[in-house]
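Undergrad: turn this into a structure:
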Amino acid sequence: MATMTTDHSPAAIRRPARRIPAPLLWTGGVIITIVALVAIFLAWFNWNMLRGPIAAEASAATGRSVRIDGDLSVHLWSLTPSATVRELKISNPRWMRGGGDMADIDSLTVSARLWPLLVGRVDLTRIQAEGPKLSLYRDAGGRANWTMGDPNRPAKLPPIQHFVINDGRIHFVDVKRNLVIDGTMQSNETGGGRGVFHLTGQGSLNREPFNLVVTGGPLIDVRRDRPYRFSADLRAGETHVLAAGDLPKPFDFSLVQAHLDITGQNFADLYDLTGLALPTTPPYRLSGEIARDQHRYTFRNVVGHMGSSDVAGMFVVDHRDGRPDLHATLRSRRLDTADLGTLLGAPPRTGKTATQAADAARLASQGHILPDTRLDVRRVRQMDAVVHYRADSLLARKGLPLTGFSLDLVLDHGVMTAEPFAFTLPHGSVTGHVRIDARKDTPYTDADVRVTNIHAEDFFHAASAAAPLAGLIEARVQLHGPGASVHDAAANANGSFTVVAPHAQIRKALAELLGVDVIKGLGLYLSHDQSQTDVRCAVADFQANHGLLTARTLVLDTNPVLSTGKGTIDLRNETLDLALTGHPKRFQLIRLASPITVSGHLKSPKVGVKAGGAPAQAAVAVVLGALINPLAAVLPFVDPGLAKNADCATLVAQAQHQGAPVRVAQTTR
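TA: All right, here's what the predicted structure looks like:
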């Protein structure tokens, strides 16, 4: 049997190669040809042909006319494709009269990373704007020409690695806040690719100098999952704001956290920057931590001072519905009452702005003590607020024995209510409710203030001498009327003012002088006699009519003297004209039948004796002394002492009827 052999030669083991099917070769060739043609087409394509369609799509998306009047160039063949638009113009919305453009940009270049872009994620490597001119406008109703969707939605931008603005200009008018900004903008990164980012703006804000500098870390290092650190230095007139913090998600401006230092001459000036109707204050400095979370701003761990008063607490502002809603809880260890006066519109004692200095000079020249700074009703209507404030102690001027203060304030759609406010004293308190309706051009004020269980001796601080007046004082003030300032509201006020001392003591020398028992009163006064005499009751009841308070009852009943009075207090020009006539209850050898007067300005009243009666008595004394007997010269000054005790129970009951918080049990003496 024959043996078979195998051929292992190269030729024997060579096999025929598998050929690519002709249809597949044709398909690949066609694809390559198409790609090549597309590449050639795109490389030579005139992108300006798409300006019209692109502008039309942008107009439909934004709801306003978008025009590309210059060249459109696109560079696709790169890992960072880019597009440049020249002479880009975005018009104002249709509701703006007069038309015009909101934005006019000489050149805008945008580039992004290719691979994230293919999966629908935008990472911008460059935005560069040359000569942008922005004309921004918001009307009285809050409509803004720059909003193109939810006007309350915070800006959320993708990470930007290079952001450049050259020769930018901005004109901003906010009719709602009466705000005007004119300025320039510049931004760039210094020191190469890993330098420091700078954004600057300067110009004027409501005709006051305005300057903003924002700095940050290298934009080349920006990552979506890494906070971006920044600092800002802003000056607007007398206001200076320093911030240092980060954006937890660059550049999502709905999330911001920073340490904030704010200084200024008047807290109300922050309205231009924040849109919050804040009160007038003396010079202030505040520091704390601010955080933004969507529509909510929280300024916590706040410490600082306003004038001579310290302040600490927290502010929370919510813009969810586009209307600021402020909630604040504040506390002071010591409140200077002069700073409290500034909150009501009085000029501060120190650190006045030019406007405040002019107000102080005007008030001084007029002799007024009631502030005439007008409430800006337009600002008050634009926000709501709930404020809780407590002062543990008070630094009071002119001997006022105030020991504490509290205020709960609510502002709701133009109606401001202080309900309640309270001053505490060593004995008793002053509490009240004030409602200011600012929904009309002229605000209308309702005030109801009660003085409860005050002790007169607390107002005197003599170290050794007894107080000239001691005892319980109760009072109530009910006033209402129109006026844009404290002075105007008082000058137009109607209502009542009642003060009652159901039982007290007065220095005997003063009681005798009210008589006016010349011999005894002066004798007690010159001998420094500190003895007291009882005040059976004292009632002062005034009716207010358009700022003029007229005495309905004015009685001071002491053991030796019953004094009755009449007169007016004019809140329109802040003057008073009161006369108190004493009626001795016993025989007096020498008495001047002339009323004690209190007159002049409320700021510096003058006490005297009315000149009409005493000279006439002196003339009669001269005649009698010449014709009859020198001893008869004293007869015109003799008072038989026929005055009776006042009906204190009835007077106090009338005062109770007027609203004075008097306890009847204290009037039985």
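
Undergrad: pull out the buried residues from the helix or strand containing Asp577.
TA: Assigned by DSSP states H and E, Asp577 falls within strand 575-584. Along strand 575-584, these residues count as buried under the neighbour rule (16 or more other Cβ atoms under 10 Å): Thr575, Leu576, Leu578, Ala579, Leu580, Thr581, Gly582, His583, Pro584. From N, CA and C alone the C-beta is placed, and that goes for glycine too.

Undergrad: per-residue confidence for the fifth one?
TA: The one in question is Leu580. At Leu580, the model reports a pLDDT of 80.

Undergrad: got a list of what Val415 touches?
TA: Neighbour list for Val415: Arg435, Ile436, Asp437, Ala438, Arg439 [criterion: Cβ atoms under 8 Å, 6 or more residues apart in numbering].

Undergrad: show me the beta-bridge partners of it.
TA: As for beta bridges, Val415 partners with Asp412, Asp437 under DSSP bridges.

Undergrad: does Thr239 touch Ala268 like I think?
TA: No: with contact defined as Cβ atoms under 8 Å, Thr239 does not reach Ala268; the gap is 10.4 Å.

Undergrad: what's the neighbour count on Ala243?
TA: 17 (other Cβ atoms under 10 Å).

Undergrad: element containing it, please.
TA: Short version, using DSSP H and E: Ala243 is in strand 239-247.

Undergrad: which helices and strands does that strand pack with?
TA: Counting contacts by 3 or more Cβ pairs under 8 Å, 6 or more residues apart in numbering; DSSP states H and E, strand 239-247 is packed against strand 228-236, strand 255-264.

Undergrad: quick one on the thing from earlier: more crowded one of Thr239 and Ala268?
TA: In this view Thr239 and Ala268 are compared by other Cβ under 10 Å, and Thr239 has more residues nearby, 21 against 18.

Undergrad: that one: what's it in contact with?
TA: Thr239 is in contact with Ile262, Thr263, Gly264, Gln265, Asp269, Leu270, Leu273, counting by Cβ under 8 Å, 6+ apart.

Undergrad: all strands of the stretch 351-500 of the chain, in order?
TA: Here the stretch 351-500 of the chain has its strands, by DSSP state E, counting those that start in this stretch, at 384-391, 394-395, 404-412, 415-424, 429-437, 444-455, 469-482, 494-501.

Undergrad: out of those strands, indicate the one that is most buried.
TA: Across the strands of the stretch 351-500 of the chain, the average number of neighbours (mean count of other Cβ atoms under 10 Å) peaks for strand 494-501, which reaches a mean of 22.

Undergrad: quick one: residues in contact with it.
TA: Identification of contacts with strand 494-501 by Cβ under 8 Å, 6+ apart yields 451, 456, 471-481, 535, 537-546, 549, 652, 655, 658-660, 662.

Undergrad: what inclination does the helix or strand encompassing Thr553 have with respect to strand 494-501?
TA: Secondary structure assignment for Thr553, by DSSP H and E: strand 548-558. Angle, strand 548-558 to strand 494-501, by axes from the mean of the first three to the mean of the last three Cα atoms, to 10 degrees: 10 degrees.

Undergrad: buried set for strand 548-558?
TA: Quick answer for strand 548-558 (16+ other Cβ under 10 Å): Leu548, Leu549, Ala551, Thr553, Leu554, Val555, Leu556, Asp557, Thr558.

Undergrad: mean pLDDT lowest where, among the helices and strands packed on strand 239-247?
TA: Looking at the helices and strands packed on strand 239-247, the lowest mean pLDDT belongs to strand 228-236 (a mean of 91).

Undergrad: by contact count, what packs against that strand?
TA: The contact analysis (3+ Cβ pairs under 8 Å, 6+ apart) places strand 228-236 against strand 208-216, strand 239-247, helix 271-274.

Undergrad: can you list these in CSV and add distance to Leu326?
TA: As requested, the helices and strands packed on strand 228-236 are exported to CSV (distance: least, Cβ to Cβ, whole Å):
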stretch, distance to Leu326
strand 208-216, 24
strand 239-247, 18
helix 271-274, 10
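
Undergrad: rebuild those as JSON lines, extending it with mean pLDDT and distance to Phe315.
TA: Converted to JSON lines, the helices and strands packed on strand 228-236 look like this (pLDDT from 0 to 100; distance: least, Cβ to Cβ, whole Å):
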{"stretch": "strand 208-216", "mean pLDDT": "87", "distance to Phe315": "22"}
{"stretch": "strand 239-247", "mean pLDDT": "94", "distance to Phe315": "14"}
{"stretch": "helix 271-274", "mean pLDDT": "87", "distance to Phe315": "10"}
